[in-house]
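[1] Sequence and predicted structure, then a few things I'm wondering about:
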Amino acid sequence: AQKVTQAQTEISVVEKEDVTLDCVYETRDTTYYLFWYKQPPSGELVFLIRRNSFDEQNEISGRYSWNFQKSTSSFNFTITASQVVDSAVYFCALSEAYMNNDMRFGAGTRLTVKP
Amino acid sequence: DTAVSQTPKYLVTQMGNDKSIKCEQNLGHDTMYWYKQDSKKFLKIMFSYNNKELIINETVPNRFSPKSPDKAHLNLHINSLELGDSAVYFCASSQPSPGQGWEQFFGPGTRLTVL
């Protein structure tokens, strides 16, 4: 069965620090998809990125970057020069191709960025 | 234009009552979901419908019944509400994107409080 582990329950940093959120996954499938979502204090779930298992290329989007490593089954998320507005709960999620619509979320990491 | 909408945003009710939460998506997606987010922020899938057909039915009490009148709507009806049903309920929708997996778009959530 698929499983997503976000071992960091809470992280607190000071503004402008870099921070990495860890995500480790388990799957038996060779085709799968990984996602990150952000849930700010207002409560909505905001999609950040999607990665398929055949594409290990790292991605950078502004201050956000993602490091996908199949060898360690990890899909980590780094925020560079963090800002107070980055404060949120961040979820990593996994879906397996053969399971059609089944997306499983990790427990989330609450990031607090202090001014 | 709102992609995935839910009503109501807040729902406060007494134990034992029956209530419904409505969800509509205007993205033309084939698949819709209901998730429950508990007080610890854990997100768990409850149901998934694809083209009005139930695909996933996780272990939820049969007091919860999803109803999909058409592809754009997935409502959640809850009978005999219990204290433990208090949570935020999210509706989501997705459409398979070739080679990209099933990114899900979430509604704003409905905060249910059972007194």
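    That came in fine, so what should we check first?

[2] Skipping adjacent residues, who's closest to B:Lys52 in space?
    Nearest residue to B:Lys52 in three dimensions, chain neighbours excluded: B:Ser68, at 4.6 Å (C-beta to C-beta, 6 or more residues apart in numbering or on different chains). In this view, the C-beta of every residue, glycine as well, is placed from N, C-alpha and C.

[3] Tell me where the chain has strands.
    Picked chain A for this. Assigned by DSSP state E, the strands in chain A fall at A:3-5, A:10-14, A:19-21, A:24-26, A:32-39, A:46-52, A:59-61, A:64-69, A:74-79, A:88-96, A:103-105, A:109-114.

[4] other chain: chain B
    B:4-7, B:10-13, B:19-25, B:31-37, B:43-50, B:53-57, B:64-70, B:73-78, B:87-94, B:104-106, B:110-114.

[5] Please name the residues that touch the residue most central in space within chain B.
    Centrality entry for chain B: nearest residue to the mean C-alpha point is B:Trp34, 2.7 Å, by C-alpha atoms, centre = their mean. Counting by C-beta atoms under 8 Å, 6 or more residues apart in numbering or on different chains, B:Trp34 touches B:23, B:45-47, B:66, B:74, B:76, B:89-92.

[6] What pLDDT is listed against it?
    At B:Trp34, the predicted lDDT confidence score is 94.

[7] rewinding a little: tabulate the contacts of B:Trp34 (TSV), appending neighbour count and distance to B:Asp30.
    Output for these, formatted as TSV (neighbours: other C-beta atoms under 10 Å in any protein chain shown; distance: C-beta to C-beta, whole Å):
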residue	neighbour count	distance to B:Asp30
B:Cys23	25	15
B:Ile45	21	17
B:Met46	18	18
B:Phe47	21	15
B:Pro66	19	15
B:Leu74	27	11
B:Leu76	22	19
B:Tyr89	22	21
B:Phe90	27	18
B:Cys91	28	15
B:Ala92	25	13
